[in-house]
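Chemist: structural data only, the sequence is not supplied:
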């Protein structure tokens, strides 16, 4: 067990009975004995154990690791395939001085009440820095229950963040992630099907194709939906171009089809660059892999290469990949603390790029 895993394990043992947020005035105790008993089955241990966190977007700003996850809370809403029970309402920011260091919770930095246009469901966020300003990007449902993507601005990576009065023009769906290229350009990648509503759009136009999560998804023998991307404006507040769909192809150059659930995009697009190659990683959703594809261009097309992370415990799988002091790490979540789909905990693990450019597959649960 490496240093990071030993430290996290000890922290869990020393924490005692931990209270996890259910809402602003209720708590749920985590069974610490059960955590200790089953911890050996996991590759990594939770980074946060006093409340529930998911969808971690990690970045290094000024030599320090900052993590921007969503904040899971208990929900009275029945579980469904549209994710109504994922009723997150605010964001916290966390930091670490090093991969094996302690993690600090900097507290709540933005809530739904701080966003003029948002109604509910602050799902997976991301952050970016430019010229000393920090930008927190987030999806939320508006008054019509349609997901848009907003941005809040701060002078520090830990906020406070002030939300813009309107969502980003032309934005839709969920899971924004912002990639800074080596030439200083910034690109946003976004989108998610089912509850993320991406299947309701074609050519950036909304068309409510029906209430079922599969309404609007291409037929099995048609090309699968891809993530959406757009270059950001110089002030990081808008798109500088019309969003376009990214193509993800098989090794033979044919499009990945909608029926290929182990390969096709579902949500959680993330781009990183390694030795001049762009790596697009994403969740396959209902098959629970983090897959990846590569390209020589941030716009793609991207060619499918394999699996970064095998399925975790819990229904969702969502990640980020970041370089820290020359080493690479994946941040992800599972349900070790709660055993419940909508109450997750964030983790991290080393990630290895092999000499041929491929990524070594990570197994988060030991056999």
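Modeler: Sure thing, it's come through. If you're wondering where the values come from, they're calculated on a predicted model, not measured in any experiment.

Chemist: please count neighbours and contacts with C-alpha atoms only from this point.
Modeler: OK.

Chemist: pull the contacting residues for the most centrally placed residue in the chain.
Modeler: Residue closest to the average C-alpha location in the chain (C-alpha atoms, centre = their mean): residue 55, at 3.9 Å. For residue 55, the contacting residues are 69, 70, 124, 125, 317, 318, 319, 332, 333, 346, by C-alpha atoms under 8 Å, 6 or more residues apart in numbering.

Chemist: output those as a markdown table; include the columns distance to residue 98, neighbour count and secondary structure.
Modeler: As requested, those are exported to a markdown table (distance: C-alpha to C-alpha, whole Å; neighbours: other C-alpha atoms under 10 Å; DSSP: H, G, I helix; E, B strand; the rest coil):
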| residue | distance to residue 98 | neighbour count | secondary structure |
| --- | --- | --- | --- |
| 69 | 18 | 28 | strand |
| 70 | 22 | 29 | strand |
| 124 | 23 | 26 | coil |
| 125 | 22 | 26 | coil |
| 317 | 24 | 26 | coil |
| 318 | 22 | 29 | coil |
| 319 | 19 | 26 | coil |
| 332 | 17 | 28 | strand |
| 333 | 19 | 28 | strand |
| 346 | 16 | 26 | strand |
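
Chemist: out of those, the closest to residue 105 would be?
Modeler: Nearest to residue 105 among the contacts of residue 55 is residue 69, at 11.3 Å by C-alpha to C-alpha.

Chemist: look up how far residue 332 lies from the residue lying closest to that closest one once chain neighbours are set aside.
Modeler: Taking C-alpha to C-alpha, 6 or more residues apart in numbering, and ignoring the residues beside it in sequence, residue 69 has residue 56 as its nearest neighbour in space, at 4.1 Å. As defined by C-alpha to C-alpha, to the nearest Å, residue 56 lies at a distance of 6 Å from residue 332.

Chemist: common neighbours of those two, please.
Modeler: Once C-alpha under 8 Å, 6+ apart is applied, the residues that residue 56 and residue 332 both contact turn out to be 318, 319, 320, 346.

Chemist: which parts of the stretch 201-350 of the chain are strands?
Modeler: Along the stretch 201-350 of the chain, the segments classed as strands by DSSP state E, counting those that start in this stretch run 201-202, 205-206, 228-231, 244-245, 248-249, 267-274, 277-283, 290-295, 302-309, 320-324, 327-334, 345-351.

Chemist: now do the third one: distance to the chain's middle.
Modeler: The reference is to strand 228-231. With C-alpha atoms, centre = their mean, to the nearest Å as the basis, strand 228-231 stands 16 Å off its chain's centre.

Chemist: show me what that strand is packed against.
Modeler: strand 186-190, strand 244-245 (3 or more C-alpha pairs under 8 Å, 6 or more residues apart in numbering; DSSP states H and E).

Chemist: ok, and what's touching the longest one?
Modeler: So that's strand 186-190. 173-181, 227-232, 236, 267-271.

Chemist: please repeat the previous calculation with a cut-off of 7 Å.
Modeler: With C-alpha atoms under 7 Å, 6 or more residues apart in numbering as the contact definition, strand 186-190 has outside contacts at 174-180, 227-232, 269.

Chemist: okay, among those residues, which ones form the most distant pair?
Modeler: Maximum pairwise distance in those, criterion C-alpha to C-alpha, is 19.2 Å, between 174 and 180.

Chemist: tell me which of those two has more neighbours.
Modeler: Under the neighbour definition other C-alpha atoms under 10 Å, residue 174 and residue 180 were set side by side, and residue 174 has more, 29 against 17.

Chemist: part of a strand, is that one?
Modeler: No - under DSSP: H, G, I helix; E, B strand; the rest coil, residue 174 falls outside any strand and is assigned coil.

Chemist: hang on, residue 311 packs against residue 285?
Modeler: No - because the distance of 9.8 Å does not satisfy C-alpha atoms under 7 Å, residue 311 is recorded as not touching residue 285.

Chemist: related to what we said a few turns ago, neighbour-wise, which of the contacts of strand 186-190 leads?
Modeler: Busiest of these [other C-alpha under 10 Å] is residue 176, holding 33 neighbours.

Chemist: related to what we said a few turns ago, between residue 311 and residue 285, what contacts are shared?
Modeler: Between them, residue 311 and residue 285 have residue 317 as joint contacts when contacts are counted by C-alpha under 7 Å, 6+ apart.

Chemist: what residues does residue 159 make contact with?
Modeler: Residue 159 makes contact with residue 109, according to C-alpha under 7 Å, 6+ apart.

Chemist: could you check the pLDDT of it?
Modeler: The pLDDT attached to residue 159 in the predicted structure is 95.

Chemist: before we move on, what SS does it have?
Modeler: Here residue 159 takes the coil state, with states given by three-state DSSP.

Chemist: residue 153 versus that one, what's the distance?
Modeler: Taking C-alpha to C-alpha as the criterion, residue 159 is separated from residue 153 by 8 Å.

Chemist: excluding covalently adjacent residues, which one is nearest to residue 115?
Modeler: residue 163 (5.7 Å).

Chemist: kindly tell me how buried the one you found is, as a neighbour count.
Modeler: Neighbouring residues of residue 163 were enumerated by other C-alpha under 10 Å; the total is 23.

Chemist: how about a markdown table for the contacts of strand 186-190, with pLDDT added?
Modeler: Formatted as a markdown table, the entries for the contacts of strand 186-190 read as follows, by pLDDT from 0 to 100:
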| residue | pLDDT |
| --- | --- |
| 174 | 98 |
| 175 | 98 |
| 176 | 98 |
| 177 | 98 |
| 178 | 98 |
| 179 | 98 |
| 180 | 98 |
| 227 | 98 |
| 228 | 98 |
| 229 | 98 |
| 230 | 98 |
| 231 | 98 |
| 232 | 98 |
| 269 | 98 |
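
Chemist: so which of these comes closest to residue 80?
Modeler: Nearest member of the contacts of strand 186-190 to residue 80, counting by C-alpha to C-alpha, is residue 174, at 17.3 Å.
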